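1. Any chance you could fold what I've pasted below:
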Amino acid sequence: MRIALIGILVIGVAALIGVLQAAYTVDQVNYAVVQQFGQIKAVNKVPGLHFKTPFVQQVTYLDSRVLSTDTTEEEYLTSDQKRVVVDHVTRWKIVDPGSFFVKLNTESGGSLRLERLVVGALRQNIAARPYNVMISAERDIIMDRVRDEVQKQVDEAGWGIKVVDVRTKRADLPTAVQQSV
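-> Modelled structure (predicted):
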């Protein structure tokens, strides 16, 4: 009698662990990428309760909201050979979680790779224009052009990202030049 009770208890605990390992939830702000042995088996965009094969499949969550990459200020050279310090922010969103996971794996990985593309496009666009453009209203046109160029590169690479916006928080002269002025 006692052995049967212990056996039933062990089976019950094992069944509970199996059910807890098989079930996962997707929030409204997440995508869930289900992998089995390194291969993507499912991508769940629909919020709610979902099931997977316990102990064999893993779930990785990716944010479905608009993400921001806030970078440190960087110095650029304009076409009239003046240095300008630009601090920019990039807003982006994962639109294809399967492609994003295969190419970049995590939000931080995507943020780093995207930041390199934005800095390169900024460097190219700022170098093609004189300093006074960076402190005028025409700066927004440059930022839109940077966004479009980066989006084109992202689409060609198949990262599954939509670049929502690239904006400068500030564009100033370097500190040493400010003091001399």
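2. For burial, what's the neighbour tally of residue 20?
-> Neighbour count of residue 20, defined by other Cβ atoms under 10 Å: 10. (Each C-beta comes from the backbone N, C-alpha and C, glycine too.)
3. got it, and the one 10 residues further on?
-> When neighbours are counted by other Cβ under 10 Å, residue 30 registers 19.
4. contacting residues for residue 137?
-> By Cβ atoms under 8 Å, 6 or more residues apart in numbering, the contact set of residue 137 is empty.
5. go on, the one 5 residues further on?
-> Contacts for residue 142 (Cβ under 8 Å, 6+ apart) come out as 125-126, 129, 133-134.
6. Neighbour count says what about those residues? Which are buried?
-> Buried members of the contacts of residue 142, scored by 16 or more other Cβ atoms under 10 Å, are 125-126, 129, 133-134.
7. Rebuild these as JSON lines, extending it with pLDDT and distance to residue 168.
-> JSON lines is the format used below for those (pLDDT from 0 to 100; distance: Cβ to Cβ, whole Å):
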{"residue": "125", "pLDDT": "88", "distance to residue 168": "11"}
{"residue": "126", "pLDDT": "85", "distance to residue 168": "10"}
{"residue": "129", "pLDDT": "84", "distance to residue 168": "13"}
{"residue": "133", "pLDDT": "76", "distance to residue 168": "12"}
{"residue": "134", "pLDDT": "74", "distance to residue 168": "8"}
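8. What about the residues you listed, which are in helices?
-> 125-126, 133-134 (DSSP state H).
9. Switch the contacts of residue 142 over to TSV; also include distance to residue 32.
-> Formatted as TSV, the contacts of residue 142 follow (distance: Cβ to Cβ, whole Å):
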residue	distance to residue 32
125	37
126	40
129	44
133	45
134	42
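10. shaky segments in the chain?
-> Applying pLDDT under 70 to the chain picks out residues 1, 171-181.
11. residue ranges for the strands of it, please.
-> In the chain, the strands defined using DSSP state E lie at 23-26, 30-36, 39-44, 48-51, 57-63, 67-70, 74-77, 83-94, 161-172.
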